[in-house]
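[1] coordinates only, no sequence provided:
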């Protein structure tokens, strides 16, 4: 570690972190952040404006982008805000350890998320081509099958936790089919993906486990190709090498599962805390997609998006950003920015300009698959379980946040067995 300031100490608005000075900044991790992330976002917005200095795990400094317009600028301008973490100054100068729990989320890999320009376009095309291919091969059938199988396990009980018994694992079960993995791997992979996003000391070990399983999968699919995403990457005309194939399998598996499972839980929460929405879904007068849209604005599945790296000194909001600084984009904070939503209670129906899927060249390529999983999962559930209702008051539902997301803890329900 160096004792030199990470940003110039005299730069007004510069990130005021030097070795030993971390206590001056807000941590986006730990017990307080886990309980009230929105309270932290609100306080930071009052103190710093649209861009605030914060600390990530290990007291690593970053800029949290809270403003909607500022978030758009960061996401839409890869020449100024690169995805290539090899220019991250704290990493280059040895302040971030290789064993840091931030590495699974921020470290460079040979995938399309870590690169810009032509390398990004080449790799992203391989991903989007194969996502489109598997989406056209009966994804709705797979979701319906696994949704019914999950519900069968608790339908006779008259009660369930729709997080632990349904939303937490269903997307991964669908992904095992799309990847060509055994369904038996689904639950353990879901746990490992969640731990990678959550961070903490187990994140790297879970990431290594995922990579081992995916390495074995790729080897198997070379010998026994099939109509699946893995085989599609292996055979794509872009000619991905071994590292690129494994990195993209990892990327799609982790992001698709964690974001879809979190979004599914939030959609179910919104439906079950509003009887008119539930009645509308059952009667067909309300579409699941309109509920998803509302959740995307108010509680997006990723609250904070990692990460972008400044390619030069520049100004963003009131902050003086230095070349090599890390920026993380507050998707949840940006969607609720009072500059664009002075009244967050106003309907957002038909407005898809939220930040939940990111924006710009790195916008989520699998959003249609996630939407299909959620729409079918909700539809099957509300029609399979008569009398479905929350079994606790809505204000007793709790969430736990990590740096990157806030997940619903439980969603206990009752229904006619």
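    Everything's here; your move. Every value quoted in this text rests on a predicted model; they were computed, and no experiment measured them. Numbering: from 1, shown residues only.

[2] show me the strands in the stretch 101-250 of the chain, by range?
    Along the stretch 101-250 of the chain, the stretches classed as strands by DSSP state E, counting those that start in this stretch are 159-161.

[3] ok, the most centrally placed residue in the chain - contacts?
    In the chain, the residue lying closest to the centroid (C-alpha atoms, centre = their mean) is residue 302, at 3.8 Å. Residues counted as contacts of residue 302 (C-beta atoms under 8 Å, 6 or more residues apart in numbering) are 259, 262, 331, 356, 404-405. The C-beta positions use only the backbone N, C-alpha and C, and glycine is treated the same way.

[4] for residue 315, name its beta-bridge partners.
    Judged by DSSP bridges, the bridge partners of residue 315 are residue 320.

[5] what's the local residue count around it?
    By the criterion of other C-beta atoms under 10 Å, residue 315 has 10 neighbours.

[6] again, but for the one 5 residues further on
    Residue 320 has 18 neighbours, counted by other C-beta under 10 Å.

[7] so which pair among the contacts of residue 302 is furthest apart in space?
    356 and 404 (13.1 Å; C-beta to C-beta).

[8] between the two, point out the one with more neighbours.
    Neighbour count, other C-beta under 10 Å: between residue 356 and residue 404, residue 356 has more, with 26 against 23.

[9] how close does that one sit to residue 398?
    Per C-beta to C-beta, to the nearest Å, residue 356 is found 22 Å from residue 398.

[10] ditto for residue 142
    For residue 142 relative to residue 398 (C-beta to C-beta), the value is 32 Å.

[11] what of residue 92?
    Counting by C-beta to C-beta - residue 92 and residue 398 are separated by 40 Å.

[12] residue 413 is in contact with residue 158, correct?
    No: using C-beta atoms under 8 Å, residue 158 makes no contact with residue 413, being 9.6 Å away.

[13] so which of the contacts of residue 302 are in helices?
    259, 262, 331 (DSSP state H).

[14] residue 107: which of the contacts of residue 302 is nearest?
    Looking across those and measuring by C-beta to C-beta, the closest to residue 107 is residue 404, at 14.2 Å.

[15] contacts only, for that closest one.
    Residue 404 sits next to 105, 197, 199, 302-306 when contact means C-beta under 8 Å, 6+ apart.

[16] pull the most distant pair out of these.
    Of all pairs in these, the most separated under C-beta to C-beta is 199 and 305 at 14.6 Å.

[17] circling back to that earlier point, out of the contacts of residue 404, who's nearest residue 267?
    residue 302 (15.1 Å).

[18] what about the closest one, distance to residue 30?
    19 Å.

[19] could you do residue 351 as well?
    Distance from residue 351 to residue 30, by C-beta to C-beta: 34 Å.

[20] same question for residue 326.
    Counting by C-beta to C-beta - residue 326 and residue 30 are separated by 18 Å.

[21] over to residue 336?
    With distances taken as C-beta to C-beta, residue 336 is found 22 Å from residue 30.

[22] more crowded one of the two?
    residue 336 (21 against 12).

[23] if I look at the more buried one, how far off is residue 241?
    On the measure of C-beta to C-beta, residue 336 and residue 241 end up 42 Å apart.

[24] kindly report the same for residue 54.
    Separation of residue 54 from residue 241 (C-beta to C-beta): 36 Å.

[25] and those two? Which one has more around it.
    The neighbour count for residue 54 versus residue 241, taken as other C-beta under 10 Å, is higher for residue 54 (25 against 9).

[26] so for that one, what's the pLDDT?
    With respect to pLDDT, residue 54 scores 98.

[27] check contacts around it.
    So residue 54 contacts 25-28, 44, 61-64, 328 (C-beta under 8 Å, 6+ apart).

[28] mind doing that once more with 10 Å?
    15, 17, 25-29, 33, 40, 44, 48, 60-64, 66, 304, 328, 330, 403 (C-beta atoms under 10 Å, 6 or more residues apart in numbering).

[29] now residue 113
    Here residue 113 is in contact with 83-85, 120, 123-124, 127, 247-248, 251, 255, 306, 358, 362 (C-beta under 10 Å, 6+ apart).

[30] what about residue 142 and residue 398, which has more around it?
    Between residue 142 and residue 398, residue 142 has the larger neighbour count (other C-beta under 10 Å), namely 20 against 9.

[31] tell me how far the closest residue to the more buried one other than its chain neighbours lies from residue 314.
    What sits nearest to residue 142 in space, not counting adjacent residues and going by C-beta to C-beta, 6 or more residues apart in numbering, is residue 177, at 4.7 Å. Distance, residue 177 to residue 314, using C-beta to C-beta: 45 Å.

[32] between the two, who's got more neighbours?
    residue 177 (22 against 16).

[33] enumerate every residue touching that one.
    Residue 177 makes contacts with 134, 137-139, 141-143, 145-146, 183, 186, 228-229, as judged by C-beta under 10 Å, 6+ apart.

[34] and the residues you listed, which of them are buried?
    134, 139, 142-143, 145-146, 186, 228-229 (16 or more other C-beta atoms under 10 Å).

[35] and of these, the nearest to residue 275?
    Lowest distance from residue 275 to the buried ones among the contacts of residue 177 (C-beta to C-beta) belongs to residue 143, with 25.6 Å.

[36] any stretches of the stretch 1-150 of the chain with poor pLDDT?
    1-23 (pLDDT under 70).
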